[in-house]
Each structure stands twice: as structure tokens, then as C-alpha cells.
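Undergrad: here you go, sequence then predicted model.
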Amino acid sequence: MQQIIKGNQVVPDTWEMLAKDASLEQLTNSGDIIVPLAMWLEHAHALKARDGRLGVWLDADEEAESIADDLEHFAVIALNFPVFSDGRSYSNARLLRDRYQYQGELRSIGDVLRDQLFFMHRCGFDAYALREDHDPHAALASLNDFSEVYQAATDQPLPLFRRR
């Protein structure tokens, strides 16, 4: 079982992440699943009728606006980083937290590296599924890399000069 960083600790990941090519017929009625956006858009009614908890994942080229009216159905929203240098999911995280007031778990998935965790947290992420070749216990310390921040962000809405 993969481990993730959540709530400033390393915990087992109890969610099943479905691939983009997964079909509705493969699903059981129970269990916690994270479905791709396309499956949600096509089968939302059937997915809402399941007994398990539901999450959705968005690829970097998919927009948070497409699920803005459905946020109450998701316990988890996972945002994919196909490569570490693709920052589009940072923007989706800010939109989900700041504009749409999403309060559930916001998880980073894909090519997630230790060096990104502090900045992901600033954008609203609170759970991190690191790349398989990275140790989540070693990466946990990166959430405290900086003791003070200058700019405003989701985690600190006031810039430093306004907090003086």
C-alpha cells in the first residue's frame, strides 16, 4: 500500500485511484475511489449512488471550473502533475481553495517531488502522493523549509508587510 503525506504525517493511502481508461463496470459498490474527471462527467449519477466515498482527479490540462458545482460530492480532489515542471495544477489548487471554497482533501499526485511540497501547501494542498522513488518520511520535513513567507497565498492571505 502506498503511503502519502497528510496532516503533517505519513499515513497509508486508503483510496483507490482509477486510471483514465477505467470503466464503470469495473467498480464495486463500496470502497473509496478517486475517479478521472471524464468518468465523473459521464457517470456522475451512478457514482453518487455508490456506498463508498468519492474523489475525482484532474489532469493538468483540465480545469477546476468543470467541477465547481459538484464539490460537495468529493471527499478528495487530486490534481495531477504530469511532470514536475508543469505548474498548472498549482492554479487549480488556488481556484478550488480560494474561489470555490473547497474544504475537503486536496491531494497532489503524479511527478511530485520533495522540493515542491512547501509551495504546494501554500497553494492549498494538504495531502501529497510523492513519486514512487521518493521517501515520504524524508520529504515530510520540507513542509517546514521556510519559517516566514513574504507573499500572500492560500495558507497566509496577508503579505508580510501587512502582518507587521
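TA: Received, thanks.
Undergrad: for the nearest residue to residue 14 once chain neighbours are set aside, give me the pLDDT.
TA: Once flanking residues are discounted, residue 14 sits nearest to residue 32: 6.0 Å by Cβ to Cβ, 6 or more residues apart in numbering. Placement of C-beta: from N, CA and C, glycine included. Residue 32 is assigned a pLDDT of 95 by the prediction.
Undergrad: also residue 147?
TA: pLDDT, residue 147: 87.
Undergrad: ok, longest helix in this structure?
TA: When the chain is parsed with DSSP state H, its longest helix is helix 37-48.
Undergrad: make sure residue 55 is indeed in a strand.
TA: Yes: Residue 55 sits within a strand when classified using DSSP: H, G, I helix; E, B strand; the rest coil.
Undergrad: that one is in contact with residue 79, isn't it?
TA: No: applying Cβ atoms under 8 Å, one finds residue 55 not in contact with residue 79, separated by 11.2 Å.
Undergrad: list residues touching both of the two?
TA: Any residue near both residue 55 and residue 79 by Cβ atoms under 8 Å, 6 or more residues apart in numbering counts here, and that gives residue 107.
Undergrad: mind listing the residues bridging to the residue nearest the centre of the chain?
TA: Closest residue to the average C-alpha location of the chain: residue 107 at 2.1 Å, with Cα atoms, centre = their mean. Beta-bridge partners for residue 107, by DSSP bridges, are residue 78, residue 127.
Undergrad: residue contacts, it?
TA: 4, 6, 55, 76, 77, 78, 79, 125, 126, 127, 128, 129.
Undergrad: and it, how close does it get to residue 55?
TA: Distance, residue 107 to residue 55, by Cβ to Cβ, to the nearest Å: 8 Å.
Undergrad: burial of residue 90, as a residue count?
TA: 20 (other Cβ atoms under 10 Å).
Undergrad: before we move on, what about the one 3 residues further on?
TA: Residue 93 has 25 neighbouring residues, counting by other Cβ under 10 Å.
Undergrad: isn't it up against residue 154?
TA: Yes: Residue 93 is within contact range of residue 154, at 7.5 Å (criterion: Cβ under 8 Å).
Undergrad: what sits against residue 83?
TA: 110, 111.
Undergrad: from here on, call the first residue 791.
TA: All set: I'll call the first residue 791, so the last point we hit is now residue 873.
Undergrad: show the pLDDT at it.
TA: For residue 873, pLDDT reads 94.
Undergrad: from residue 866, how far off is the residue nearest to residue 804?
TA: Counting by Cβ to Cβ - residue 822 and residue 866 are separated by 8 Å.
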